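*Asks:* Just a sequence and a predicted model for now, questions to come.
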Amino acid sequence: LGEIRGRPVRLAADLHPGYHTRSWAERHADGRPLDLVQHHHAHVVSLLAEHGRLGEPIVGVSFDGTGYGCDETIWGGEILTLDTRSHRFVRAGHLLAVPLPGGVGFLLGGTVHTRSSAAYADLRYTFNPQWSLLAGLRVNHDSKRVDEYQNIAAFGLAGTGHPSDGWTSTPGSVGVEYKPATGTLAYAKLSHGFKSGAVNLGALQPDLVKPEKVTSFELGFKTEFLERRGVFSAAAFSSRYKDMQVSQVGQATTLLANASAARIDGLEIEAAVKPVTALTLSLGLGLMDPKYTDFTNVDLRNAPTTPVNVRGRQLAQASRQQVTFGAEWAGSVGDLRGTLRADYNWRSRFYFTEFNTPDATQGAYGLLNLTATLRPAAGHWKLWANLRNASDTTAYTSMSIASPLLGAARQVSYSPPRQFAVGTSYDF
């Protein structure tokens, strides 16, 4: 720009102190005058300049959006009066200010010092070609020490904390495998798992989040059929959780807490088959009964003074049924090879909190994705196209609930809308 029009003798930038444009102008002013311009005033003056009417007294109405105001608040919907000095204005009218979520300074943080040591061993013993024994054991010790701080001046909350804790665990498993024929496997497995304790950094809690422990039993079966053109597998499982770590709404932030006990019983079935050489079909079915068996908590969004035991209610983020279906055709058209693929994923209703309330739920929905490719049988290039979420389904994929101090508002993420893409690639 300087090479085209020469070195500017005066700079202008938006009044907002956080804008990169203002920061750039301040760094490059080099002693030249810098005018900081209010957002809505700039719109009105630009119209005067466009129509050759600078210096005329006018009433300007700017309803374009929000901008940083001269009183250090957010302005929007402004009526400004300008006299013959267009660089000056009077704020004659505006929309009333509206309280917005946020605007509260949350200073939460600190340092977590973690140490972990472990020893483990795995065993596989084959009795004969049909039977095998499997076992594993891990001895682990974790310790965490925290230096944390909290400062929420608007609510008079401030302080520091130094909690610490340590845990020794012995997760392990034992199982047996049986191969009655080539391509067929049956198995049983008992395992015990452990997830280390956690820290809600900046929450100033006297104790760390307890470790999560789970004991699981699984029975499974896998086999091939149709001369290895098909595979089938099924597994039934039951898991018992103690002190399951779950996300919670806290007074200031979202926290991890412990659900005293939970249980998941389920069945998973998967199958794939090639009815003809060019076509592959796959199907998956998941059936679960995920529920809390002992957990008392307070719904800070809907009933902030009433403890509720959610025993028997569905685990957050877990659906009772899930279905997947896939189909892929791969074949040749002359000297070209192409593929067409469709994938459909469906899940039943699920909840985002343990209270299973209507305001934190997502109903059953499915997503369909389509893909196609085309390339020479002996070439390096490839054309591809895909269509994601073909039915343009809208669904919540995540939800977090803000602190009650901020109105317990819901913050959600949605499934991406329908997306279409085409492209090409070249293999070197």
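*Replies:* Received it, and whenever you're ready, just let me know what you need. The model shown is predicted, which means the values in this text are computed figures rather than measured ones.
*Asks:* beta partners of residue 373?
*Replies:* As for beta bridges, residue 373 partners with residue 339, residue 384 under DSSP bridges.
*Asks:* which residues touch it?
*Replies:* Residue 373 makes contact with 338-339, 382-385, according to CB atoms under 8 Å, 6 or more residues apart in numbering. C-betas here are computed from N, CA, C, even on glycine.
*Asks:* Kindly recompute the last result at 7 Å.
*Replies:* Taking CB atoms under 7 Å, 6 or more residues apart in numbering as the definition of contact, the neighbours of residue 373 are 338-339, 382-384.
*Asks:* Okay, now the unreliable bits of the stretch 251-400 of the chain?
*Replies:* Counting by pLDDT under 70, the stretch 251-400 of the chain contains low-confidence ranges at 251-252.
*Asks:* right, I mislabeled it, should have said the stretch 101-250 of the chain
*Replies:* Counting by pLDDT under 70, the stretch 101-250 of the chain contains low-confidence ranges at 101-106, 154-155.
*Asks:* Could you rerun that using 90?
*Replies:* Across the stretch 101-250 of the chain, the stretches falling below the confidence threshold (pLDDT under 90) are 101-110, 149-159, 201-205, 247-250.
*Asks:* now the strands for the stretch 101-250 of the chain?
*Replies:* 107-126, 131-152, 157-161, 164-169, 172-181, 184-195, 212-225, 230-249 (DSSP state E, counting those that start in this stretch).
*Asks:* Against which helices or strands is the fifth one packed?
*Replies:* Packing partners of strand 172-181 (3 or more CB pairs under 7 Å, 6 or more residues apart in numbering; DSSP states H and E): strand 131-152, strand 184-195.
*Asks:* Between the ones you listed, which one is closest to residue 167.
*Replies:* Of all the helices and strands packed on strand 172-181, it is strand 131-152 that lies closest to residue 167, at 5.3 Å by CB to CB.
*Asks:* angle of that closest one against strand 164-169?
*Replies:* Between the axes of strand 131-152 and strand 164-169, defined by axes from the mean of the first three to the mean of the last three CA atoms, to 10 degrees, the angle is 170 degrees.
*Asks:* partners of strand 131-152, with directions?
*Replies:* Sheet pairing for strand 131-152, assigned by DSSP bridges, gives strand 107-126 (antiparallel), strand 157-161 (antiparallel), strand 164-169 (antiparallel), strand 172-181 (antiparallel).
*Asks:* what sits up against the first one?
*Replies:* Read that as strand 107-126. Contacts of strand 107-126 (CB under 7 Å, 6+ apart): 132-151, 199, 201-202, 253.
*Asks:* What are the buried residues along it?
*Replies:* Along strand 107-126, these residues count as buried under the neighbour rule (16 or more other CB atoms under 10 Å): 108, 110.
*Asks:* Output that strand in PDB, but only the C-alpha positions, please.
*Replies:* Output of strand 107-126 as PDB, limited to C-alpha atoms (Å, rounded to 0.1, in the frame of the first residue of the first chain):
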ATOM      1  CA  LEU A 107      -9.600 -17.200  37.300                       C
ATOM      2  CA  LEU A 108      -9.200 -20.900  38.000                       C
ATOM      3  CA  GLY A 109      -6.100 -23.000  37.600                       C
ATOM      4  CA  GLY A 110      -2.900 -24.300  39.100                       C
ATOM      5  CA  THR A 111      -0.400 -27.100  38.700                       C
ATOM      6  CA  VAL A 112      -0.900 -30.900  39.200                       C
ATOM      7  CA  HIS A 113       2.200 -32.900  40.200                       C
ATOM      8  CA  THR A 114       1.700 -36.600  39.200                       C
ATOM      9  CA  ARG A 115       3.800 -39.600  39.800                       C
ATOM     10  CA  SER A 116       3.000 -43.100  38.600                       C
ATOM     11  CA  SER A 117       4.900 -46.400  38.800                       C
ATOM     12  CA  ALA A 118       3.800 -49.900  37.700                       C
ATOM     13  CA  ALA A 119       4.800 -53.400  37.000                       C
ATOM     14  CA  TYR A 120       2.800 -55.900  34.900                       C
ATOM     15  CA  ALA A 121       2.800 -59.400  33.600                       C
ATOM     16  CA  ASP A 122       0.900 -61.300  30.900                       C
ATOM     17  CA  LEU A 123       0.400 -65.100  30.600                       C
ATOM     18  CA  ARG A 124      -0.900 -67.200  27.800                       C
ATOM     19  CA  TYR A 125      -0.800 -71.000  28.300                       C
ATOM     20  CA  THR A 126      -2.000 -73.400  25.600                       C
END
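*Asks:* just how off-centre is that strand within its chain?
*Replies:* Distance, stretch centre to chain centre, for strand 107-126: 25 Å (CA atoms, centre = their mean, to the nearest Å).
*Asks:* Can you show me the helices along this structure?
*Replies:* Taking DSSP state H, the helices of the chain run over residues 2-5, 20-28, 39-50.
*Asks:* Next, format those helices as TSV and append mean pLDDT, distance to residue 423 and mean neighbour count.
*Replies:* Supplementary listing: the helices of the chain in TSV, determined by pLDDT from 0 to 100; distance: least, CB to CB, whole Å; neighbours: other CB atoms under 10 Å:
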stretch	mean pLDDT	distance to residue 423	mean neighbour count
helix 2-5	50	37	6
helix 20-28	84	32	13
helix 39-50	92	40	17
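*Asks:* Which residue comes closest to residue 394 once chain neighbours are left out?
*Replies:* Nearest in space to residue 394, with sequence neighbours left out and distances taken as CB to CB, 6 or more residues apart in numbering, is residue 414 at 5.9 Å.
*Asks:* Enumerate the beta-bridge partners assigned to that neighbour.
*Replies:* With DSSP bridges as the criterion, residue 414 is bridged to residue 396.
*Asks:* What is the burial count for it?
*Replies:* The criterion is other CB atoms under 10 Å. On that basis, residue 414 has 11 neighbouring residues.
*Asks:* still on that earlier bit, any chance of the contacts of residue 373 in JSON lines, with neighbour count and distance to residue 237 too?
*Replies:* JSON lines is the format used below for these (neighbours: other CB atoms under 10 Å; distance: CB to CB, whole Å):
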{"residue": "338", "neighbour count": "14", "distance to residue 237": "40"}
{"residue": "339", "neighbour count": "16", "distance to residue 237": "34"}
{"residue": "382", "neighbour count": "16", "distance to residue 237": "40"}
{"residue": "383", "neighbour count": "14", "distance to residue 237": "43"}
{"residue": "384", "neighbour count": "15", "distance to residue 237": "38"}
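*Asks:* Quickly check those for the two that are furthest apart.
*Replies:* When the contacts of residue 373 are compared pair by pair using CB to CB, the two farthest from each other are 339 and 383, 11.1 Å apart.
*Asks:* Make sure residue 288 is actually in contact with residue 264.
*Replies:* Yes - Residue 288 lies in contact with residue 264 (CB atoms under 7 Å); the separation is 6.0 Å.
*Asks:* follow-up on the earlier one: out of the helices of the chain, nearest to residue 219?
*Replies:* helix 20-28 (59.8 Å).
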